[in-house]
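Chemist: Kindly generate the corresponding structure for this input.
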Amino acid sequence: MARLFHVPLSPFCRKVRLSLAEKKVEVELVEEKYWEQDPDFMRRNPAGKVPVLRLDGVMMAESAAICEYIEETRPDPALMPKDAVARQEVRRLVSWFDDKFHHEVTSKLLYERVNKKVMGHGYPDSSNVKAGAKAIKYHLDYMTWLLDHRRWLAGDVMTLADFAAAAHLSALDYISDVDWNRSDVVKDWYAKIKSRPAFRSILADQVPGFPPPKHYNDLDF
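Modeler: Down below sits the predicted model:
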């Protein structure tokens, strides 16, 4: 069985979990306190980051590389289009959420509110929290624009771009940092993706000291 070293609220880990689940790959989840830099974990990934996946006898790191490996070795159901231009758009949006959205929103909200406490790094920086709360509005508006022109974020079919976005938003939703009333089209998109069987284990996550809001597990939120 595959083994994934992860942190429950890490959007990068969640993206990998969603990819594995969508392709029906059974995986053992091993929660890893990567910030403690355990020697065994550092041997698995000298970068000291999660996710780290053991699959097919191979130990691999970096969520983008992991998801590409999963797609190449398990192409059905496809999370990447066959057309080169369409694949480029998926990769662009995955990078958008894992880079720009993460830097401007996730790191300012989730990391300040949760990670600092869990890691014992002190209290949230209010200026970062305010910046993240402001930036997420822009990103939700951009998603609205995309979904006004497309059925899914990158086109007419669900792709890895949708999983990347849902991974970040679901982690933020766990701490009630997403204003779903800002955009009906984004809320409807999230409801669709949230109802997929691949999302079940994500919705079952529990972080000690941080109970999820009541709507977190509600498929009709």
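Chemist: Now do the SS call for the residue nearest the centre of the chain.
Modeler: Central residue of the chain (C-alpha atoms, centre = their mean): residue 167, 2.2 Å from the mean position. Three-state call for residue 167 (DSSP: H, G, I helix; E, B strand; the rest coil): helix.
Chemist: What confidence value was assigned to it?
Modeler: Listed pLDDT for residue 167 reads 98.
Chemist: again with the one 4 residues further on
Modeler: Among the per-residue scores, residue 171 holds a pLDDT of 98.
Chemist: Kindly report the same for residue 179.
Modeler: With respect to pLDDT, residue 179 scores 97.
Chemist: Residue 221 too?
Modeler: pLDDT, residue 221: 69.
Chemist: where along the chain do the strands fall?
Modeler: 2-6, 27-31, 52-55, 58-61 (DSSP state E).
Chemist: Quick one: closest of those strands to residue 118.
Modeler: Set against residue 118 and scored by C-beta to C-beta, those come closest in strand 27-31, at 11.1 Å. Every C-beta, even on glycine, is put in place using the N, C-alpha and C of the backbone.
Chemist: isn't residue 133 right up against residue 112?
Modeler: No: Residue 133 lies out of contact with residue 112 (C-beta atoms under 8 Å); the separation is 10.5 Å.
Chemist: more neighbours, these two?
Modeler: Neighbour count, other C-beta atoms under 10 Å: between residue 133 and residue 112, residue 112 has more, with 22 against 14.
Chemist: Let me see the contact set for the closest residue to the more buried one other than its chain neighbours.
Modeler: In this structure, residue 112 finds its nearest non-sequential neighbour in residue 124, 4.0 Å apart by C-beta to C-beta, 6 or more residues apart in numbering. By C-beta atoms under 8 Å, 6 or more residues apart in numbering, the contact set of residue 124 is 112-113, 116.
Chemist: Tabulate those in JSON lines, adding columns for distance to residue 89 and pLDDT.
Modeler: Shown next, in JSON lines, are the contacts of residue 124 (distance: C-beta to C-beta, whole Å; pLDDT from 0 to 100):
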{"residue": "112", "distance to residue 89": "31", "pLDDT": "96"}
{"residue": "113", "distance to residue 89": "32", "pLDDT": "96"}
{"residue": "116", "distance to residue 89": "35", "pLDDT": "94"}
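Chemist: so which of the residues you listed comes closest to residue 39?
Modeler: The nearest one, if we look at those relative to residue 39 and count by C-beta to C-beta, is residue 116, at 24.5 Å.
Chemist: The closest one touches residue 122, doesn't it?
Modeler: Yes: in this structure, residue 116 is within contact of residue 122 by C-beta under 8 Å, at 5.7 Å.
Chemist: got the contact list for the lowest-mean-pLDDT helix or strand in the chain?
Modeler: Lowest by mean pLDDT, DSSP states H and E among the helices and strands of the chain is helix 116-119, with a mean of 93. Outside of helix 116-119, the residues within contact range by C-beta under 8 Å, 6+ apart are 35, 122-124, 207, 209.
Chemist: In it, which of the residues would be classed as buried?
Modeler: residue 118 (16 or more other C-beta atoms under 10 Å).
Chemist: Could you check how far that helix is from the centre of its chain?
Modeler: 19 Å (C-alpha atoms, centre = their mean, to the nearest Å).
Chemist: For that helix, C-alpha coordinates in CSV please.
Modeler: Written as CSV, here are the backbone C-alpha positions of helix 116-119 (Å, rounded to 0.1, in the frame of the first residue of the first chain):
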residue,chain,number,x,y,z
LYS,A,116,2.1,29.0,14.6
LYS,A,117,0.2,27.5,17.5
VAL,A,118,0.8,23.9,16.5
MET,A,119,4.5,24.5,16.0
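Chemist: Please consider this matter closed, and thank you.
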